[in-house]
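>>> Need coordinates for the below:
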Amino acid sequence: MSDEALPSDSEAEAPAESSPGPTRRPAPQFKFSTFILTFLFVMGLYMLVDQQARYGIAGLIGAALKPLIGFGGQYLLLTMFLAAVIEMLITALAYNWTTDWVKAAKVQKWSAAFRKVQMEAVRSGKKDRIAALKPHQQRLTQLSSEVSIAQLKGMAVTWFLVIAIYTWVYLFLLAAANAAGGHAWVDIGGGRTDLLAPLGGITFIPLWFVIFSLYTIPASIALRRILKHYWLQRYAAKLPPSGTEPGAVGGAA
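Model prediction:
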């Protein structure tokens, strides 16, 4: 996580230094992290269209998960819950790794302040005031794009794991059903229910898929908020006692 402050107004408005001549752009450097994220995203796409690859990756993941949380196929709902927690924990950590929460918070604060000033300038009808805000708007757009791109990088891990672990859960339930006579029975609401049965007669949405999704969504929201709160609190602890910060985005307004 980076604690660097966003540029102040004077930095945003400063003209670029004159260059004596055309300069050659430096060659892009190879980043192993970018390679891994790109590989996972492409692999996720490939798994989506190729069942053999999807089942193969799920089998590799299952080699680690089944001895850990399989419980011999006796506690299917517990296995699904723990698989959801593991999936969301890894994806939340990946999302946290690619996202600079401090920068995102600063951009959000700057954006709110800028919108207020921009609306006042528009109401005034003074073209010079509106034109004076353009450099700030361009800088804000650039920073917002950087935050969005960083968050999309974390989605590559989410994309890959969602496909792989959802597939593993299905194969695990299918194996448990085959061992129990063709049904993955669990007790829900005092009744016996087959997790592989369609939900409400909708043949392409099995019950297990809905239950597993209900496990993963709250876990994802909770874990990401915890990590975001941790990093913001850690950054706030480094600020001076007055709470002021050189180059803070509040001055962008």
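
>>> Show the contacting residues for the residue nearest to Arg224 when sequence neighbours are not counted.
Counting by Cβ to Cβ, 6 or more residues apart in numbering, Ala92 is the residue found nearest to Arg224 once chain neighbours are left out, at 5.0 Å. Bear in mind the C-beta positions are built from the backbone N, C-alpha and C, glycine included. Contacts were defined as Cβ atoms under 8 Å, 6 or more residues apart in numbering; by that measure Ala92 touches 220, 223-224, 227.

>>> Quick check: Ala92 vs Phe114, distance?
Counting by Cβ to Cβ, to the nearest Å, the gap between Ala92 and Phe114 amounts to 30 Å.

>>> likewise Val49?
Separation of Val49 from Phe114 (Cβ to Cβ) stands at 43 Å.

>>> How about Ile130?
As judged by Cβ to Cβ, Ile130 and Phe114 stand 12 Å apart.

>>> the more surrounded of those two?
Here Ile130 and Phe114 are set side by side on neighbour count (other Cβ atoms under 10 Å), and the busier one is Phe114, at 18 against 14.

>>> Make a markdown table from the contacts of Ala92 and add distance to Leu174 and pLDDT to it.
Formatted as a markdown table, the entries for these read as follows, by distance: Cβ to Cβ, whole Å; pLDDT from 0 to 100:
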| residue | distance to Leu174 | pLDDT |
| --- | --- | --- |
| Ser220 | 25 | 82 |
| Leu223 | 28 | 86 |
| Arg224 | 31 | 83 |
| Leu227 | 34 | 85 |
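
>>> Identify each of the helices in the protein and give its residue range.
With helices called from DSSP state H, the chain shows them at 9-13, 32-49, 51-69, 76-98, 101-124, 127-132, 134-179, 207-237.

>>> So which elements touch the third one?
By that I understand helix 51-69. helix 32-49, helix 76-98, helix 134-179 (3 or more Cβ pairs under 8 Å, 6 or more residues apart in numbering; DSSP states H and E).

>>> Compare the ones you listed and give me the one nearest Thr216.
When these are compared by Cβ to Cβ, helix 76-98 sits nearest Thr216, at 4.4 Å.
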